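S.K.: Dropping a prediction and its sequence here:
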Amino acid sequence: MSSWRSRVFSAVLLRSLAALALIAGLGPVPLHAQTVSPDDTALRAEADVLFKHLLAKPNDLDAAFRFSEIETKLGDYEAAIGALERMLFYNPNLPRVKLELGLLYFRLRSYEMARSYLNAATESPDTPQDVRDQVAKFLAAIDRGLSDNQFALFAQIGLRHQTNANAGPDSQIVRALGQDAVLSSQFKRTPDWNAFGIVTLHHFYDFENQRGDGWESDLISYYARQFKVTRLDLGLLEVATGPRLALGSGTGMSVHPYVLANYVTLGDRPYLGTLGAGTSVRFQLPFGITLDPGIEFRNRDYRNSKDYENATQQDGHQIIGFVIGSGSLPFMAGLGWQGRLAYTKDTASYRPYAYNDFTAEFALPYTFTAPAFAQTDRSWTIAPFAGYSFTPYREADPVIDPSITRLDRQWRAGATLDMTFFSNFGFALQVQYLHTASTVTNYRTRDFIVSGGPTIRF
């Protein structure tokens, strides 16, 4: 039974790492042009009428401001900028208009122009305090954007509850040496809490060659301490680094070759070390769509321990092909999509542990204005998600049942809610349900997970 136990706990590790990826994904939402809403046609018609009116009467500031507001909603920032700059021509003492111009240039990543307008917005002693506060925030963001070294940090601590923390099978009747056996109470499904902490750090060093080339690095650190099943205490440290090089000028394409390494502990003992490399290509497509196809190689070296006596039987490598995508949806302002398709080929020194995996994951993040009590100008995001994995193993495991080759199908669904309450501080909550169906009863599991805790991001 010990080799089956090792494999079950490895499944727990993989599932925990998947949950970690979901939590780490609660980073800042990429800035895209405003999503086109269903009443687009009416807005465009109104903008066309206002444009003709401004040709005849360019000093109508109310009409110019309304035209700018509509073009901003429609995502045409250049047209909005033109209207606001004409307003300043007729009345240069409009700090809120200068603020809007600074924000629009910021969205276009024209940081020097943004800085000049933002500074101009605070020159007058009559500038309202809320304008000054917004200017200060965006000037700090511009300084980060213009720096050779650009950092983004996310951290969270919290609590997680699982109804099946140890991935115990649904039934106490399992297979062993091709026969039915009664599962030891030690390995029955066990609910448990854990306390966890996660820190992700992204760094980009700009080569300043006007192409967008630079050096990109990511670090993930994670630790979860179980309240009862302490043999599942999980630690992870992973680093990936490599250049990001633009492909062509103004194409929005880039390539990112990288090397990676990680170190994993389980039950506070060394469990897994990985060395690998990969490359991805980024495509910036129309309608705010971003695609990142790539391929990755990982060589995995396991360590045996008291609780995981046969872990080294999983030694081998992984080849992973993937496509990650995101974009906006036209049905509702603030609604987007994120998806991932992946194929993994996993080898193992013990052949029954080798497998192929096909995974599809999809999320619908919706970003909306935070309620007034949150005291923040940042948006909140709720993201329902679903995923499916199809995992056939290479051959039957005679320790379990020599006549049945394992085939797992896992469905998972849930939602995350990412809230900011003050400055960079917030709270993230996640609920998730997992159901694994398998040809081998030992691996048929269900689990309901709730986790949450305070966050900070810079």
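M.R.: Looks like it came in fine.
S.K.: the helices in this structure, which residues?
M.R.: With DSSP state H as the criterion, the chain has helices at 2-24, 40-56, 61-74, 77-90, 95-107, 111-121, 129-146.
S.K.: what inclination does the third one have with respect to helix 40-56?
M.R.: Meaning helix 61-74. 140 degrees (axes from the mean of the first three to the mean of the last three Cα atoms, to 10 degrees).
S.K.: for the helices of the chain, which one sits closest to D315?
M.R.: Nearest of those to D315, taken as Cβ to Cβ: helix 2-24 at 11.9 Å. In this view, the C-beta of every residue, glycine as well, is placed from N, C-alpha and C.
S.K.: Report the mean confidence score over that closest one.
M.R.: Helix 2-24 comes out with an average pLDDT of 50.
S.K.: for the stretch 201-350 of the chain, which spans come out with low pLDDT?
M.R.: Low-confidence segments of the stretch 201-350 of the chain (pLDDT under 70): 210, 249-250.
S.K.: Just put the helices of the chain in CSV and tack on distance to Q375 and mean neighbour count.
M.R.: Output for the helices of the chain, formatted as CSV (distance: least, Cβ to Cβ, whole Å; neighbours: other Cβ atoms under 10 Å):
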stretch, distance to Q375, mean neighbour count
helix 2-24, 24, 19
helix 40-56, 31, 13
helix 61-74, 25, 20
helix 77-90, 28, 18
helix 95-107, 20, 22
helix 111-121, 22, 19
helix 129-146, 12, 14
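S.K.: and these as TSV, adding distance to Q186?
M.R.: TSV is the format used below for those (distance: least, Cβ to Cβ, whole Å):
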stretch	distance to Q186
helix 2-24	9
helix 40-56	61
helix 61-74	60
helix 77-90	61
helix 95-107	57
helix 111-121	59
helix 129-146	51
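S.K.: weakest of those helices in terms of mean pLDDT?
M.R.: helix 2-24 (a mean of 50).
S.K.: before we move on, the earlier item: looking at the helices of the chain, which is closest to N209?
M.R.: helix 129-146 (14.8 Å).
S.K.: quick one: the closest one to chain centroid distance?
M.R.: Remark: helix 129-146 is offset 25 Å from the chain centroid, using Cα atoms, centre = their mean, to the nearest Å.
S.K.: show me what contacts G453?
M.R.: 156-159, 196, 427-428 (Cβ atoms under 8 Å, 6 or more residues apart in numbering).
S.K.: And for F227?
M.R.: Per Cβ under 8 Å, 6+ apart, neighbours of F227: 192-195.
S.K.: Please pick the buried ones from the residues you listed.
M.R.: 192-194 (16 or more other Cβ atoms under 10 Å).
S.K.: Near I289, how many other residues are there?
M.R.: If you count neighbours by other Cβ atoms under 10 Å, I289 ends up with 14.
S.K.: list the contacts for it?
M.R.: 325-328.
S.K.: Just name the closest of these to V229, please.
M.R.: For the contacts of I289, the nearest to V229 is S326 (35.7 Å; Cβ to Cβ).
S.K.: Skipping adjacent residues, who's closest to that closest one in space?
M.R.: Among residues not flanking S326 along the chain, Q338 sits closest, at 4.6 Å (Cβ to Cβ, 6 or more residues apart in numbering).
S.K.: I'd say G414 and Q430 touch.
M.R.: Yes: using Cβ atoms under 8 Å, G414 is in contact with Q430, at 6.4 Å.
S.K.: quick one on the thing from earlier: with pLDDT and distance to S451 added, can I get the contacts of F227 in TSV?
M.R.: Formatted as TSV, these follow (pLDDT from 0 to 100; distance: Cβ to Cβ, whole Å):
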residue	pLDDT	distance to S451
D192	97	12
W193	97	10
N194	97	9
A195	98	10
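S.K.: For Y258, state which of those is nearest.
M.R.: For these, the nearest to Y258 is N194 (30.4 Å; Cβ to Cβ).
S.K.: can you pull up the bridge partners for that closest one?
M.R.: Listed by DSSP bridges, the beta-bridge partners for N194 are R160, Q226.
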